[in-house]
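Engineer: generate coordinates for the sequence data below:
(2 chains)
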Amino acid sequence: MGMRCLIVDDSAAFLAAAERALTGQGITVVGVAHDSAQAIDHIDALRPDVVLVDVYLGAESGFDLAERIEATRRDRSWAVSVILISSHSRDELVDLLHESSAMAFVDKAELSARTIHDALSSTRHGSTA
Amino acid sequence: MLVRPTPPSAWLGIAVALLFITMESLLTLPLHRITRESTPSVIYLLGVVLVSIVWGLWLGVATALASVVAFVYLFVTPISNLADSDVRDVTPLVVFVSVAVVVSALANQSRRRAAQAQESDLTADMARLLLDTDDIAAALPAVSRKITQALDLPAAAIEPEVSASGAEDRRPDRTVPDEIAADGSAREGARRTAFPLRHDGTVLGTLRVPDGVPDRQVLRLEQRVVPPLASLLHAARERAAMVNALALNGEELRARAAQQAALRRVATLVARAVNPAEVFHAVTTEVSRLLDDRHTTLLHFEPDETVTIVATNQPGLLALPHSRWRAVTRDDGLVENGSVAELVRRTGHAARTDSYADLTGPGNACRLALGIQSAVAVPIVVENRLWGTVTVTSAEAEPLPQDAEKRITDFTDLAATAIANADSRAQLIASRARIATAADEARQRIERDLHDGAQQHLIAISLNLRAAEEADLSREQLRAHMAQAATSLSAVMADLRELARGIHPAILGAGGLAPALKALARRSAIPVGLRVDTDHRPPTPVEIAAYYVVSESLTNAAKHSQASAVDVDVTTEPDMLKLAIHDDGVGGADPSRGSGLTGLQDRVEALGGHLAISSPPGAGTSLVVTIPTRTGKPAADLGHVPAPR
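Structural biologist: Numbers count the residues shown, from 1 in each chain, chains lettered A, B, ... in the order given. Sure, this is the predicted structure:
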């Protein structure tokens, strides 16, 4: 059973490329969202396992959306993991990532089924440690 | 009318008494013939009363006795019968003498009253004359006339005392000839004819009357006229002094008002930020006008030891072919030409020469040619730096007023303000130009980086892929092509990220100063002790400026300071962001040499902030920056490149 994934990004070009790439690597992309409101709607309707959130959602902040999803974790009957993605390197954003509740981060240039799995497992290790 | 303070002469009194007795006797004669038994002696009372009133007691009693004698002689006949005649006939004697005594006493009293009234009138007249005038000396003859009239004196004169010291010597001199001329008895009178007018021991003047004035008049003068006259004279002098003081005050006020008006005119020019040359001209003109149109020159001491005439109304200087000369100080420290401007240049303080008469030297020939006798110079100090001087020269023998320096200083202060303002404006314009240039250069650099880096890589990838598409390649070869393209793309990504970070740190927009500075600190070559104490996010331009100040400082420290550690402190106050950076390196950083610091200064000042650098050799470099965070709109838009996504 493949992983169910929702991608949130304000760039349509990236959404299309990422959906094609991830689908090709065995991930089920259940949907895409262009902004926070759409993302929240889709989470409830499509019940994904993983939400990939771009750090910069135009005028909105990906960090804020990640926090909203985490904050409403108990309202849902299933577990949703959040992975922040960005065209900026982890290096640039590391000081922000430490402060954010969503520890998982994947560089957009390196986005693949494998890096998503790695990010999720490292987060789980981190949270249990 | 009959009772006058001073009775008419006694001879006139005797004549009047005899006349009355004769008339009365003639009148009584017919009556006596009719009534032989009782002759009305009462008629004689008329003369007795009149003489008693007008000429006083003694003449009154004499008239009474004479009337009795006349009556007895004419009507009590024969004389031999007098002794055994009626006691009735002696009655007139007693009655007449009593009437004379009583009436003269009454008359005396009313005469005193009249005298008092007259003296009061005299005092009032003197007060009016002395206190209603601004010129006491001119009023004195009128006062003298009043005294003469009131006391029936032949003449009187009041001599004012010119000076207290000289008066003691001169007064006896004037009286001595009189004393010598007069015999022993006149000596007493001569001394009494001069009445010193004293107040509180100070002699204010002398009242003089001719010799031979009766003692009674002298007594009245002494007791009734001199004291009020002295008091009035004193009051008049006090009043004159006060009026003088007021007039002087008025003059001073007018002078001050003129000064204020002139200052206002110049200040208006300064406030309107007109060309400094216009302000210099106004300063020269106004200073000249305030100091009685004396020649005024405004000089600028150039950094290269030359002196330039900036503005002048000295005709000789206007005619000079060069308005610039070299200020040469001799080895022995003496100034070559001894001018006040040179003194100011040397000392930095105001200078004055009240007379050039005793001076010799090369400068004096020029001064003589220009007709300069005295001069004053006041420094123009712009932001603690001696900029120049305003000199005022006088062609008159008397020196310039003592307060000239003080009055000129008000104008040099304004000139200094105008210069400082012009400097600030020039600096502002230069700073704007630098900011614009920096932005242009940044754009140029970005364009070049894009062109040389990403674009070239992308072209290479494009060629590579096209080649792979067209050639009939094996699966292995195709995979190698794809791997190469992916590697090239990673390089492009890295290039673009580096470029984007140079344009604007993404983390700053997303997380604010604290994470952005943390990122800087982590990348720094020198260990950074970072303390960020912020309770709110300042406006974006302030964050950006603070970020670049830290970034540039860390870069500079790494390049030049040889420091082992850098401390960075950031604190926010309700309306202010404070940034302190200190390294323990070699110091000696000079903002005028590196463009980096100047750029930071421009950036901070454009936001209304302040950047202070202190970098003494051997003691590290300290940078203290304050930027207001609640100024509404920033002072200038830096127009930086928008933040990347």
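
Engineer: chain B contacts on chain A?
Structural biologist: Neighbours of chain B within chain A, by C-beta under 8 Å from any C-beta of the partner chain: A:10-11, A:55-56, A:58, A:61, A:63, A:87-89, A:92-96, A:99, A:109. Glycine gets a C-beta too; all of them are placed from N, C-alpha and C.

Engineer: can you flag the buried ones in those?
Structural biologist: Among the residues of chain A next to chain B, the ones that count as buried by 16 or more other C-beta atoms under 10 Å in any protein chain shown are A:10-11, A:55-56, A:61, A:63, A:87-89, A:92-93, A:95-96, A:109.

Engineer: how close does the closest residue to A:L6 other than its chain neighbours get to A:I7?
Structural biologist: Among residues not flanking A:L6 along the chain, A:P48 sits closest, at 4.0 Å (C-beta to C-beta, 6 or more residues apart in numbering or on different chains). According to C-beta to C-beta, to the nearest Å, A:P48 stands 9 Å off from A:I7.

Engineer: of the two, who's got more company?
Structural biologist: The residue with more neighbours, out of A:P48 and A:I7, is A:I7; 26 against 22, by other C-beta atoms under 10 Å in any protein chain shown.

Engineer: pretty sure that one contacts A:V50?
Structural biologist: No - if you go by C-beta atoms under 8 Å, A:I7 and A:V50 don't touch, sitting 9.3 Å apart.

Engineer: and A:V29, what does it touch?
Structural biologist: With contacts defined as C-beta atoms under 8 Å, 6 or more residues apart in numbering or on different chains, A:V29 is in contact with A:C5, A:L6, A:I7, A:A18, A:E19, A:L22, A:T23.

Engineer: who does it form a beta bridge with?
Structural biologist: Beta-bridge partners for A:V29, by DSSP bridges, are A:C5.

Engineer: swap in B:P628?
Structural biologist: Counting by DSSP bridges, B:P628 forms beta bridges with B:M576.

Engineer: all helices for chain A, in order.
Structural biologist: With DSSP state H, the ranges of helices along chain A come out as A:12-24, A:36-46, A:62-71, A:90-99, A:113-128.

Engineer: for the third one, give me every contacting residue.
Structural biologist: Spelled out, it's helix A:62-71. A:8, A:36, A:39-40, A:43, A:51, A:53-57, A:80, A:82, A:84, A:86, A:96, A:100-102, B:510.

Engineer: same thing but 7 Å
Structural biologist: Residues outside helix A:62-71 that contact it (C-beta atoms under 7 Å, 6 or more residues apart in numbering or on different chains): A:8, A:36, A:39-40, A:43, A:51, A:53-57, A:80, A:82, A:84, A:96, A:100-102.

Engineer: circling back: adding mean pLDDT, write the helices of chain A out as TSV.
Structural biologist: TSV is the format used below for those (pLDDT from 0 to 100):
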stretch	mean pLDDT
helix A:12-24	90
helix A:36-46	93
helix A:62-71	88
helix A:90-99	76
helix A:113-128	75
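
Engineer: may I see those helices organised as TSV, with distance to B:P527 added?
Structural biologist: Formatted as TSV, these follow (distance: least, C-beta to C-beta, whole Å):
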stretch	distance to B:P527
helix A:12-24	38
helix A:36-46	40
helix A:62-71	29
helix A:90-99	17
helix A:113-128	27
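
Engineer: now the contacts of helix A:62-71: which count as buried?
Structural biologist: Buried among the contacts of helix A:62-71 (16+ other C-beta under 10 Å): A:8, A:36, A:39-40, A:43, A:51, A:53-57, A:80, A:82, A:84, A:96, A:100, A:102.
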